[in-house]
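1. Need the 3D shape of this:
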Amino acid sequence: MHAITFDEPGVVSVGSEPPAELIPGSVRVRTLYSGVSAGTELTAYRGTNPYLNRLWDPDKRLFVEGRTHSYPLTGWGYQEVGEVVEAAPDVAAPAVGSIVWGVWGHRGEAVLPAERVAGHVLPPGADPLAAVFARVGAIALNAVHAADVHLGDQVAIFGQGVIGLLATRLAVLSGARVVAADAIPARLELAREYGAAEVFDVLSGSAAEFVRKRIEGADIAIELSGTHQGLNEAIRTVRRGGRVVAAGFYQGEGLGLRLGEEFHHNQVQLVSSQIGAVASWLSHRWDVERLQRTFMELVQRGEIDTAPLVSHVVPVQDAAAAYELLDRHPGGVLQLVFSFPPPQDLPSLHHLAEEQE
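-> You can find the predicted model right below:
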């Protein structure tokens, strides 16, 4: 069974794994598609992920000296969808033949607890590709929840990659007026299609000054570019006492953050959003599972169209070229999806090599 491995920074290989034993209470799922979370997975590809350089102590909830993970890293992945091909005798659901979504990494097959995917069955006729967005959709919804968006709020969303675009759509569905900011014109155009009232090219000047001229400052900013400069501009954009949701995966030291300026003088609220848990004030009625299911329900009802987000579907054996493309030309990729096994009608990644030239 194919499995993707980060052997060391910048080096990716595709090897094989033996099939796992089917144990009581489990199902065997054969992967159809596996979605890449570019931000998180590039930290593994580049060697910048804090887990590779620091030890996470779950009891203290602190990073301390040491390492949590080390190379090689096999099976990293963000969201998978596959077919149940075998079930243990004691399993009633999901049935063999069901198409299910979940997290089991970039590998061709996995044996999973049946209860983990029993509630993740796609309805008949649903596009399996849409299910690779369940987790990234939950991340976007988690950020919108952390923002505490109200009907009529003015919201600025920085970064219009996959998660940023989904956050734009979800904020609009929540009743917000959204200004979407990014440096890539095609993504800004898609943000308009997802309901953004205005868009701003961050290469053209200051998003904060643009927003303040239009609406005297945003009530809320959601930062999803994952850059410290983006976070600083989000802080500059909100009104006095406004809220900034930091939902990007920031790497290294905070170069570009000027916390003695607008953050300090405008008494800005800074809230972190991360998919490991929901906003604390919602934890009595929301959890990550509910976030995922809610997002998938919105997709299935047609309130969110994920199809325009899929820019590349590539065979798993071309993973090395795919990650090189993500690393060198991130602006040309939205959602990259690996196919398992490669369909006969999909070309090899010669077209990706052409894009890199």
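
2. Only C-alpha atoms from now on, for both contacts and neighbour counts.
-> OK.

3. those helices in the protein, which residues are they?
-> In the chain, the helices defined using DSSP state H lie at 38-46, 114-117, 134-147, 162-173, 185-193, 207-215, 228-237, 262-265, 288-300, 319-328, 350-356.

4. got the angle for the third one vs helix 162-173?
-> Relative orientation of helix 134-147 and helix 162-173, computed by axes from the mean of the first three to the mean of the last three Cα atoms, to 10 degrees: 50 degrees.

5. Ok, the fifth one next?
-> For helix 185-193 and helix 162-173, the angle between their directions (the same axes, to 10 degrees) works out to 20 degrees.

6. Output helix 185-193 in PDB with nothing but the alpha carbons.
-> The C-alpha coordinates for helix 185-193 follow below in PDB (Å, rounded to 0.1, in the frame of the first residue of the first chain):
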ATOM      1  CA  PRO A 185      -5.700  38.300  -7.900                       C
ATOM      2  CA  ALA A 186      -7.300  34.900  -8.700                       C
ATOM      3  CA  ARG A 187      -7.900  34.200  -5.000                       C
ATOM      4  CA  LEU A 188      -9.400  37.600  -4.500                       C
ATOM      5  CA  GLU A 189     -11.800  37.000  -7.400                       C
ATOM      6  CA  LEU A 190     -12.800  33.700  -5.900                       C
ATOM      7  CA  ALA A 191     -13.400  35.500  -2.600                       C
ATOM      8  CA  ARG A 192     -15.800  37.800  -4.400                       C
ATOM      9  CA  GLU A 193     -17.600  34.700  -5.700                       C
END
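
7. Can you get me a residue count around residue 54?
-> 16 (other Cα atoms under 10 Å).

8. which residues touch it?
-> Contacts of residue 54 were listed using Cα atoms under 8 Å, 6 or more residues apart in numbering, and they are 63-68.

9. okay if I get the helices of the chain as TSV plus mean pLDDT, distance to residue 105 and mean neighbour count?
-> Listed next are these as TSV, based on pLDDT from 0 to 100; distance: least, Cα to Cα, whole Å; neighbours: other Cα atoms under 10 Å:
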stretch	mean pLDDT	distance to residue 105	mean neighbour count
helix 38-46	92	11	19
helix 114-117	96	14	18
helix 134-147	97	12	26
helix 162-173	98	19	26
helix 185-193	97	27	18
helix 207-215	91	37	16
helix 228-237	96	29	25
helix 262-265	93	39	16
helix 288-300	97	17	18
helix 319-328	96	13	19
helix 350-356	47	23	11
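
10. Dump these into TSV; add distance to residue 104 as well.
-> Formatted as TSV, these follow (distance: least, Cα to Cα, whole Å):
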stretch	distance to residue 104
helix 38-46	14
helix 114-117	11
helix 134-147	12
helix 162-173	20
helix 185-193	29
helix 207-215	39
helix 228-237	31
helix 262-265	40
helix 288-300	15
helix 319-328	17
helix 350-356	26
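
11. Alpha carbons of stretch 312-325, in CSV - could you do that?
-> As requested, the backbone C-alpha atoms of stretch 312-325 are provided in CSV (Å, rounded to 0.1, in the frame of the first residue of the first chain):
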residue,chain,number,x,y,z
HIS,A,312,-4.6,19.8,-8.5
VAL,A,313,-5.5,16.1,-8.3
VAL,A,314,-2.3,14.1,-8.7
PRO,A,315,-1.3,10.4,-8.4
VAL,A,316,0.4,9.6,-5.1
GLN,A,317,3.6,8.4,-6.8
ASP,A,318,4.3,12.0,-7.9
ALA,A,319,4.2,13.3,-4.3
ALA,A,320,7.8,14.6,-4.5
ALA,A,321,7.1,16.8,-7.4
ALA,A,322,3.8,18.0,-5.8
TYR,A,323,5.5,19.2,-2.6
GLU,A,324,8.3,20.8,-4.6
LEU,A,325,5.6,22.7,-6.5
